[in-house]
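*Asks:* Here is the input, now give the coordinates:
(one chain, ligands or ions: 1)
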Amino acid sequence: TDLSTRFLDCAFANPLMNASGVWCYDQTELDALNLSAAGAYVTKSCTLEPRAGNPEPRYKATPLGSINSMGLPNLGYRFYLDYVAKHDYARKPLFMSVAGLSLEDNLAMVREIKAANVPAIMELNLSCPNVPGKPQIAYDFDAMDAMLAAVCREYDKPFGVKMPPYFDIAHFDAAAEILNRYPQVAFVTCINSIGNALAIDTETETVLIKPKDGFGGIGGDYVLPTALANVNAFFRRCPDKKVIGCGGVKTGEQVFQHLLAGASLVQVGTALQEEGPAIFARLADELAALMAKKGYKTLGDFQGKLKTL
Ligand SMILES: O=C(O)c1[nH]c(=O)[nH]c(=O)c1Cl
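*Replies:* All right, here's what the predicted structure looks like:
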């Protein structure tokens, strides 16, 4: 069984990578992903200046996944730009996630990334749900359109966008219509966490995380059906773009489902946070075993071929 694939003119040994934000904050975590069986990896979403993020506890595992309100803690774009400049791209592809707190901040970072002319693939995060007072861009269609128009004027390479989950067909239509205006947006990563959920500890009668009265983005088993729907919705609506699947992956079976729904690559968040980078070897083995059982030799044998009734 061959798990290799090509994406944006890069060769991937397998379609597996981390979700931005998970196991990708600093040199140690990033090096562990580079040494892992992941086919690629992505840096923590960065801002113009370093950020401490929200008060702790700000991440908690729950029975069926996780809840987080990290608040965009990161070492600042200069650290990640330096990291991606030093990476050996012959080993595996590397993505750089960008989440400026304003259009001006995004443009400032994008100008520097362009000037650095690094092989890293940019993933523009339009869906951070946890910066108090900053409603996420992708739920404001005019703001998203303006952001993409401005970034496409500044940046000179294909890039992708990290999208939040949508829950209404009219929203899939409207979001895809905007994305399709920008051919430079070469891929769509669906989904970010489902924002502003609330997890409660029954015994202490208290919320699990400190920021925002306990409200935070959820991941894990809770989000798989929503993630698959968003992957397939954008796969159907954006035929000239690739889709990266993210959400609810913890076994090879969910990787298979994301690929079947139209994903070209698959990101792992909560399960990576809980199991560590060894998860990628397990997921690769489980995916290969499932493919072998079904008689598939390559990802292309089933990728995007979900059947309807
Ligand atoms: O709180 C965060 O740092 C965070 N948390 C998320 O669940 N998604 C994001 O995109 C970000 Cl930027």
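
*Asks:* Counting neighbours, what do you get for P132?
*Replies:* Neighbourhood size, P132 [other CB atoms under 10 Å]: 9. Quick note: C-beta positions are derived from backbone N, CA and C, even for glycine.

*Asks:* okay, stretch 2-12 in PDB with CA atoms only?
*Replies:* Provided in PDB are the C-alpha atoms of stretch 2-12 (Å, rounded to 0.1, in the frame of the first residue of the first chain):
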ATOM      1  CA  ASP A   2       1.300   3.400  -1.000                       C
ATOM      2  CA  LEU A   3       0.400   6.300   1.200                       C
ATOM      3  CA  SER A   4       2.400   8.900  -0.800                       C
ATOM      4  CA  THR A   5       0.700  11.900  -2.400                       C
ATOM      5  CA  ARG A   6       1.500  15.200  -4.100                       C
ATOM      6  CA  PHE A   7       0.100  18.600  -2.900                       C
ATOM      7  CA  LEU A   8       1.000  22.000  -4.300                       C
ATOM      8  CA  ASP A   9       3.900  20.500  -6.300                       C
ATOM      9  CA  CYS A  10       5.400  18.900  -3.100                       C
ATOM     10  CA  ALA A  11       5.900  15.200  -2.400                       C
ATOM     11  CA  PHE A  12       4.400  13.800   0.800                       C
END
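
*Asks:* Residues of the protein that sit close to the ligand?
*Replies:* The chain comes close to the ligand at residues 21, 45, 68-72, 99, 125, 127-128, 130, 192-193, 217, as judged by CB under 6 Å from any ligand atom.

*Asks:* right, and the pair among those with maximum separation?
*Replies:* Farthest apart among those by CB to CB are S69 and N125. That separation is 15.3 Å.

*Asks:* what about whichever residue of the stretch 201-309 of the chain sits closest to the ligand, which helix or strand?
*Replies:* Closest residue of the stretch 201-309 of the chain to the ligand, CB to the nearest ligand atom: G217 (3.5 Å). G217 belongs to strand 215-220 when elements are defined using DSSP states H and E.

*Asks:* Can you tell me what sits against that strand?
*Replies:* Defining contact as CB atoms under 8 Å, 6 or more residues apart in numbering, one finds that strand 215-220 is touched by 19, 58, 62, 64-69, 129-130, 192-199, 209, 247-248, 250, 269-271.

*Asks:* Give me the subset of these that lies in helices.
*Replies:* Applying DSSP state H to these, the entries found in helices are T270, A271.

*Asks:* Separate out the buried members of the contacts of strand 215-220.
*Replies:* The neighbour-count test (16 or more other CB atoms under 10 Å) marks 19, 58, 62, 65-69, 129-130, 192-195, 197, 199, 209, 247-248, 250, 269-271 as buried among those.

*Asks:* Brilliant, that's me finished.
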